[in-house]
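In: Model the following, please.
(2 chains)
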2 protein chains.
Amino acid sequence: MSDYQVIGKNIPKIDAKLKATGQAQFLPDLKLPQMLYGKVLRSPIAHGKILHVNTARAKKLIGVKAVITGEDIPDIPFGFSPATANKYPLEKKRVRFVGDEVAAVAAIDQDVAEEAIGLINVEYDELPAIFSPEEAMQSDAIQIHEGTKQNLAGTIHREFGDIKEAFKTSDYIFEDEFETQAVAHCCLETQGSLASFDYNGKLTLWSTTQFTHVLQDMLSNALCMPPRHIRVIKTHLGGGFGARMPMDSIDGIAAFLAKKTFKPVKIMNSREEEFGTNRYRYPMTIHLKTGVRNDGTFLVRCAKIITDNGAYYNQGVSVTSSAIGKLIGLYRVSSAKVDGYIVYTNKSWGAAFRGYGGPQAHFAVESQIDMIAEKIRMDPMDIRLKNVNQRGDKTIHGWKITSCGFKECIQKATKLAGWKKKRGKFKNRGIGMASVIHTGGGSRQSGYNFSSVVLKLKNDGSIDLFTQSADLGQGSNTILGQIAAEVLGLSIDDINVISSDTDLAPPDLGARASRQTFTTGLAVKFAAEDAKKQILSKAAKALNSDTKVLAIRDKKIYIKGRPRKALELHKIASIYFDENPIIGKGIYIDHISTISDPNGYGNFAPAYIFGCQVIEVEVDHETGYVKLLNVVAAHDLGRTINLACAEGQIEGGVVQGIGFALTEKTVWEEGEIINTSFLGYKIPTALDVPSIKTILVESNDPNGPFGAKGLGEAPIVPTAPAIANAIYNAVGVRIKTLPITPEKILEELEKRGKKDGKKINSY
Amino acid sequence: MSDYQVIGKNIPKIDAKLKATGQAQFLPDLKLPQMLYGKVLRSPIAHGKILHVNTARAKKLIGVKAVITGEDIPDIPFGFSPATANKYPLEKKRVRFVGDEVAAVAAIDQDVAEEAIGLINVEYDELPAIFSPEEAMQSDAIQIHEGTKQNLAGTIHREFGDIKEAFKTSDYIFEDEFETQAVAHCCLETQGSLASFDYNGKLTLWSTTQFTHVLQDMLSNALCMPPRHIRVIKTHLGGGFGARMPMDSIDGIAAFLAKKTFKPVKIMNSREEEFGTNRYRYPMTIHLKTGVRNDGTFLVRCAKIITDNGAYYNQGVSVTSSAIGKLIGLYRVSSAKVDGYIVYTNKSWGAAFRGYGGPQAHFAVESQIDMIAEKIRMDPMDIRLKNVNQRGDKTIHGWKITSCGFKECIQKATKLAGWKKKRGKFKNRGIGMASVIHTGGGSRQSGYNFSSVVLKLKNDGSIDLFTQSADLGQGSNTILGQIAAEVLGLSIDDINVISSDTDLAPPDLGARASRQTFTTGLAVKFAAEDAKKQILSKAAKALNSDTKVLAIRDKKIYIKGRPRKALELHKIASIYFDENPIIGKGIYIDHISTISDPNGYGNFAPAYIFGCQVIEVEVDHETGYVKLLNVVAAHDLGRTINLACAEGQIEGGVVQGIGFALTEKTVWEEGEIINTSFLGYKIPTALDVPSIKTILVESNDPNGPFGAKGLGEAPIVPTAPAIANAIYNAVGVRIKTLPITPEKILEELEKRGKKDGKKINSY
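Out: Numbers count the residues shown, from 1 in each chain, chains lettered A, B, ... in the order given. Below is the predicted model of the structure:
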């Protein structure tokens, strides 16, 4: 189909063997000579003033090398942006959630560190704690942060088009309230940080971070050290999913302890700590009001969103803003209004999580669409097809759709799933669908969206590629290697990718917002093209030819059509060829997306991706148990760079989406998370995962590398509403709160049974 | 004096703190998870055929993971050049010295590895062993390598000018024979190698090497693997001095064992092994015949050199060739003839050693000059000054002297030492001098002489400098950092030097032939100038000015004379400035030196350095003990880049030269080295080292970076003849064989006492 040699091929991840054999070094594997073990003392109460911290007994314990409290560190908060940050690595005045960091020790081993933590005595003056946003917004509620009102971390108001008029002309108006829960990222290894100072005063920090470059800047700020004195290295990572995006307290604490002891200090969350202080997906309550014509045209979509922000300012406002954008952007609507309230509570602090507000918004919108379709007696597939975003569209809030496989995704997914054949045809079985819109190349929401890479041609004709993008397991290093190889006529084996080390590679914003394939991919493409231009120019001289008629393939440069008279690449690569080594540089700065205006108008992303999932379920009337039968997931990724990586992203997203839909929930009791293990916190196991068929839709984005767009986040987004819709299709029960537990289904079945005594199979 | 901000300053080495505090990681400090310990079984006999190697018992020992012999590795010899290589990492047919590698094991710890070595049974058919070149050259001697005659590894014949005529016109002809001994490099840590394969088949090898890039190539050849699958990393090094230049057997053995066990394998020589198989300085017997006019003009210098090459082909021919070049090149002579014979013996194999033939040649020439001076009744200083090389000279064998501080070195050193005041004035005290000529920037003897570096400007205005040159402790990373800083108006603290890792930096021949300051220094200068050009071009646009009137200083770019209107460097460094990151590339290929023609004519080096040492001694008539009183060492280094590094090189060279002159000698008994510890092998201690005054002569080489030339090797060269001459001046005893032990002095004193009964103080 394509002329590509490397792109689109099913090339194994370049680190697959290392990981499959246990050879890849993850942070838990790292150990330095003389390394100390750090441990954090966390608040046992949800809210209170710190009156006194007595570390005397801990300091006396043999094997303890340092004990620090908030008094020992600079008064500099950290967070998603310096302007709004209000979290300190160690709190010295007040604690705001169970698990808040109060003190830390470094000791010769983990046992001594834990014993020392137990010897630190903290006196608290307990304050009333608030666990729900509604309570927090009461006028008489205690303010978790001084200077706030109604405990609001932020509010967002967006209005586009003539709402009043739109509702007036609507044939139907739908109003529903949806709720999504806090879920945990559940990375394979817990969060960790290993800090080591040398006698030149330089800090090296190995971290489970998704962005080395930004973490270097954040640490520079937190530690009052110039960036050049800080080297951040990402280890192999078992997923990030957004949890590893801003600096973590333990990055700072490890560094402070390492500085104090002048020994390497490693801190790794225990799994209980990781769950117990989890950087959950922001729970949202979405009150959704939609006006439609009786032909199914969406006219107006309004919403009020209340986001449970947790105790500190991180990405709550940004995620809510992103949720609002997607809530408005998904399918064409001609007017919209959304109000968002992001509210502090005495829970740990939420974070980015794959989808970045998308799963919450889509659960509401895609659930309600099925309710609308039923009401106006349209097939849910048809109502969606009627309203799909299309290439060339500009949404009412300014998103420019440069490429769009949305329609194709719906058509292909429903066809492969047997939509028409299965819908409403089998007892207790149902089939449901939902779609997704998402960024396919990052966003300038935080002001910047760029990548830069350097590559150099080595003497033997192979390439060293230096990038600060982060391979979290998704295979980005392989993708980037493929792009370089494709441009340069090499094989993936010829590309040595050196990534995620601030000392070695030029800046890149790292792994977030499904950006790396797009932005870093472009930077790599530009760098490879830069190198290729230099190579061809040299070859043209040597072959007494013109660069225009030259091609590179299999490490040879030849005149097109005359492959026999070829010049070997390693000859040009020789330092002696013309004494001008070939170094390609590539930079991509996103000038397509814009920073939104104060009203939220602007082009959110340089490219948008779309997808549609069709899921078949069977619901047990007796137990409420939902058995998943089939998933078909069609996703528009612009262009497939690596088949297995793309399929892996989709499958992983669906599985994570299944957990979000059915089983996962962080459970608090009096502010304390009580399900802090994989026994109590239920992610899908292999037995819970049905057959997943993936369809890759190539819409060929005009701006992406080889037409590619990022894919990473989208696959998690439509899964929950597709399951909710399938359940409704199976047993006529509409659950608007996640997760959809058997209890909720049984309760609804029971209610309905009492009401009319018979089972309805929806249209 | 100079306008330089960074160059010439006494800036501490950038790794000084790390080393002074023990934080720098040397190879003995490295430990990888699951690492095995390798150990080599070495031949106990000096010469013999290997009949059978029985490894069965060793393999059965619990804890042994692999046992390999020559049968397990490819039949590929290694050495200084592939064409002449005749050494295998493990020998399978024949052993040629006590210590020759026969088998190796990898085991869970060092004890088990050693026990296993003891369980390997090797049957030898012992052959006659030859320990002296004279014996080896006998027509009936057994040939240590098949196909040779007279056991010659090589012969060299050089003749320039009309020898016959020159001797005819000479007023005096002097003929003397000098002998130099085998000495050991005595690096702070022993030779070692740590090899680790990953499941992608990539080998990473940490080695005590002086040249990562060349070792990568050599390993590629030895292991039959492409270079891109081999990563060589140099650890911190406690000196190399030439011992760590070619691949070592244990580099190969560690790699083979790592491949076989699929575990990291580390091999470190014990100190006994290091001494016992030592890569000694090639001993030479130099028969020197010189013709002079009675005014002191040197007319003709002839020599026959016999070099004890040891058992395998390494650098014996190259070092002898280099010795010949210096023997002819030192001081002006109008004709010369030298014959060199490099002879295999059943000793370990010699290697490069600081000075590369210079110490041997200079000992002969500089000793004889004092004998000449005495005979024609000239002051040794004056005869030297009469014949010094001068800028603009072209020697009879083609060396082009582009810069020359020779005369100044002699004048300044003798003046500071009080030559005229002290010479022959104090009983039992003497003062002697000797000079040196050496390359100051590598050589193309092995075909190539190049360096390349890359540097990138980081967001904060600091620099990452990637180089594959090797800092062996001499401070080259600091020197290179200073050069970059000087060009770019930065401080040394702004330069992050990333060195000696084949995956990261572009090629460089590494640390040899005093080349790094010159060749890598030039590459760094060019790269920094390349970056500066880019910076100024950007600044010119921003300041609406012209690059010609712009300057950089203190991380600011300003219009000369108007420092207030300055643009900060980090602004230009921002990826957002104009989306064109600044990467400087620099390459230096030596086109000044030439590959000599078959007769040895050619320009040996791109620059030459000179020096003169004046040494004062006191000799005890009763014991023969030589007490060193003062050393003055004046060296022409073109331009001082770092004061402390330059002084350090000179002081280190003098101390090593003292050992060479007075105490150091490798002692064989029946082919076995018997002084294998620092008890038996005597290097100077702090108590043996007198006051050393250094004088830096700046001759400002037209081709060197800021006029600089390499300095590294020269300081060891004149020390021994200067001491020999001082001893003669003190007690009238001329010792022509090194080391000059008390026994030799007493013997000569006794002989002379018998002859004329009185002490002579020479003129």
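
In: show me the contacts for A:Val733.
Out: A:619, A:727, A:745, A:748-749, A:752 (C-beta atoms under 8 Å, 6 or more residues apart in numbering or on different chains). (Each C-beta comes from the backbone N, C-alpha and C, glycine too.)

In: would you list those residues in a markdown table and tack on distance to chain B?
Out: A markdown table is the format used below for the contacts of A:Val733 (distance: C-beta to the nearest C-beta, whole Å):
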| residue | distance to chain B |
| --- | --- |
| A:Val619 | 45 |
| A:Ile727 | 44 |
| A:Ile745 | 47 |
| A:Glu748 | 52 |
| A:Leu749 | 52 |
| A:Arg752 | 56 |
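
In: between these, which has the most around it?
Out: Within the contacts of A:Val733, neighbour counts (other C-beta atoms under 10 Å in any protein chain shown) peak at A:Ile727, which reaches 27 neighbours.

In: and that one, that's in a strand?
Out: No. Secondary structure assignment (DSSP: H, G, I helix; E, B strand; the rest coil) places A:Ile727 in helix, not in a strand.

In: mind checking pLDDT for A:Asp756?
Out: At A:Asp756, the pLDDT value in this model is 53.

In: isn't A:Tyr576 right up against B:Asp590?
Out: No. Contact criterion C-beta atoms under 8 Å: A:Tyr576 and B:Asp590 do not qualify, at 11.3 Å.

In: For the most centrally placed residue in chain A, give its distance to A:Leu327.
Out: Centroid-nearest residue in chain A, with C-alpha atoms, centre = their mean: A:Arg354, separated by 3.0 Å. Per C-beta to C-beta, to the nearest Å, A:Arg354 is found 17 Å from A:Leu327.

In: Please apply the same query to A:Pro721.
Out: For A:Pro721, the distance to A:Leu327 (C-beta to C-beta) stands at 12 Å.

In: Residues in contact with both of those two, list them for me.
Out: Shared contacts of A:Pro721 and A:Leu327, defined by C-beta under 8 Å, 6+ apart, comprise A:Val365.

In: more neighbours, A:Tyr576 and B:Asp590?
Out: Each of A:Tyr576 and B:Asp590 has its neighbours counted (other C-beta under 10 Å); B:Asp590 has more, 24 against 11.

In: Give the closest residue to the more buried one in space, chain neighbours not counted.
Out: Leaving aside its sequence neighbours, B:Asp590 sits nearest to B:Asn449 (C-beta to C-beta, 6 or more residues apart in numbering or on different chains; 3.7 Å).

In: now do A:Asp15
Out: Spatial nearest neighbour of A:Asp15, excluding adjacent residues (C-beta to C-beta, 6+ apart): A:Ala24 at 6.0 Å.

In: how about the nearest residue to A:Pro77 once chain neighbours are set aside, what does it touch?
Out: Nearest residue to A:Pro77, sequence neighbours excluded (C-beta to C-beta, 6+ apart): A:Ala85, at 4.1 Å. Taking C-beta under 8 Å, 6+ apart, we find A:Ala85 in contact with A:77-79, A:313.

In: measure A:Arg444 to A:Gln468 for me?
Out: Distance, A:Arg444 to A:Gln468, by C-beta to C-beta: 18 Å.

In: Show me the shaky parts of the stretch 401-550 of chain A.
Out: For the stretch 401-550 of chain A, not a single residue meets the criterion pLDDT under 70.

In: hang on, the earlier thing: same drill for A:Pro721 and A:Leu327, tell me which one is more crowded.
Out: A:Pro721 (30 against 27).

In: what secondary structure does that one sit in?
Out: When classified by three-state DSSP, A:Pro721 comes out as helix.

In: What parts of the stretch 51-200 of chain A come near chain B?
Out: Contacts of the stretch 51-200 of chain A with chain B, taken as C-beta under 8 Å from any C-beta of the partner chain, map to A:198-200.

In: Surely A:Thr155 and A:Ile324 touch.
Out: No. In this structure, A:Thr155 is not within contact of A:Ile324 by C-beta under 8 Å, at 11.4 Å.

In: what sits in contact with each of these two?
Out: Common neighbours of A:Thr155 and A:Ile324 (C-beta under 8 Å, 6+ apart) are A:Gly340.

In: Which residue of those two possesses the greater neighbour count?
Out: A:Ile324 (25 against 13).

In: any residue of stretch A:485-504 up close to chain B?
Out: Yes. Interface with chain B: stretch A:485-504 contributes A:494, A:496, A:498, A:503-504 (C-beta under 8 Å from any C-beta).

In: Cross-reference those with the strands and report the matches.
Out: Per DSSP state E, strands hold the following members of these: A:496, A:498.
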